[in-house]
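Peer 1: Build me a model:
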Amino acid sequence: MAEAESAIMEEMQGVVTSINNDQNRKSLVERVKKFYANQSKQLVPWNEFLKRPKLPPNAGEATKRIMHNVPKFKANYILISCFLALYALCTSPLLLLIMAGMYAGLTWSNHLKEEGPVTIMGREVQARQVAMASTVGGGVLLWLFGATSVIFWMLGASMVVVGGHAALVTIPAPEQLESSA
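Peer 2: This next block holds a predicted model:
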């Protein structure tokens, strides 16, 4: 399990980086493409993923199933979690608008770093000020309009779907595991 987590961390290293210049943007896009390619190779066919579930007889068996199935179906679970996140954002259009505004403000601040300060109503505005206003203002608006509830809904829904599915899918017999390896 720890090996799977470290592999994910290595794949995702740098995906959440600052995108201040074209070089970093290209690097970020390349890393996302590489992560997508690696995960798409690991997708388990959906007919196997959706095979008939069976309730575990006890909590110990459920734990064994979870420990076996989470690494096995990791790519499928990531895809399902992405769909849940997309659903949560699409059902909260105000949050989507706030995030778009924050992105626009931060993009403008990056532009101002290269072009220099701009004068608005007789005041000189620096890139740092625009970035701070976008981040703080957007953060306050996200908090006021319920971004935390959306985030916790996404986390909770993902954990219920992943944990529930992983606990319900039976582990093949040891001889089947050896033949499939």
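Peer 1: which intervals of the chain have sub-threshold pLDDT?
Peer 2: Residue ranges of the chain with pLDDT under 70: 1-26, 173-181.
Peer 1: mind listing the strands for it?
Peer 2: Per DSSP state E, the chain carries strands over the ranges 118-120, 123-125.
Peer 1: What strands line up against the last one, and which way round?
Peer 2: For strand 123-125, the pairing partners within the sheet under DSSP bridges are strand 118-120 (antiparallel).
Peer 1: Not counting its own residues, what contacts the strand it pairs with?
Peer 2: Contacts to strand 118-120, defined as CB atoms under 8 Å, 6 or more residues apart in numbering, come from residues 112, 124-125. No exception for glycine: its C-beta is placed from N, CA and C like everyone else's.
Peer 1: ok, so what distance separates C82 from N47?
Peer 2: Spatial separation of C82 from N47 under the definition CB to CB, to the nearest Å is 21 Å.
Peer 1: more crowded one of these two?
Peer 2: C82 (12 against 7; other CB atoms under 10 Å).
Peer 1: Wait, R65 touches A166, no?
Peer 2: Yes. Judged on CB atoms under 8 Å, R65 makes contact with A166 at a distance of 6.1 Å.
Peer 1: one step back: can the contacts of strand 118-120 go into TSV with extra columns for distance to F152?
Peer 2: Shown next, in TSV, are the contacts of strand 118-120 (distance: CB to CB, whole Å):
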residue	distance to F152
L112	35
E124	41
V125	35
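Peer 1: Put together a markdown table for the strands of the chain, with mean neighbour count on each row.
Peer 2: Converted to a markdown table, the strands of the chain look like this (neighbours: other CB atoms under 10 Å):
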| stretch | mean neighbour count |
| --- | --- |
| strand 118-120 | 10 |
| strand 123-125 | 12 |
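Peer 1: V130 - how many residues pack around it?
Peer 2: V130 - counted by other CB under 10 Å - has 22 other residues nearby.
Peer 1: all helices for the protein, in order.
Peer 2: 2-12, 22-41, 46-49, 59-72, 74-90, 93-115, 127-144, 147-168, 174-180 (DSSP state H).
Peer 1: Can you pull out the residues in contact with the fourth one?
Peer 2: Helix 59-72 has contacts (CB under 8 Å, 6+ apart) with 1, 4, 44, 56, 77, 162-163, 165-171.
Peer 1: Could I have the buried ones of those as PyMOL selection syntax?
Peer 2: This is how PyMOL selects the buried members of these, with burial counted by 16 or more other CB atoms under 10 Å:
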select buried, resi 56+77+162+165+166+167+168+169
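Peer 1: Show me which pair in the contacts of helix 59-72 is furthest apart.
Peer 2: Using CB to CB, the pair of the contacts of helix 59-72 lying farthest apart is A4 and P56, separated by 21.5 Å.
Peer 1: how near is I66 to E124?
Peer 2: I66 is 57 Å from E124, by CB to CB.
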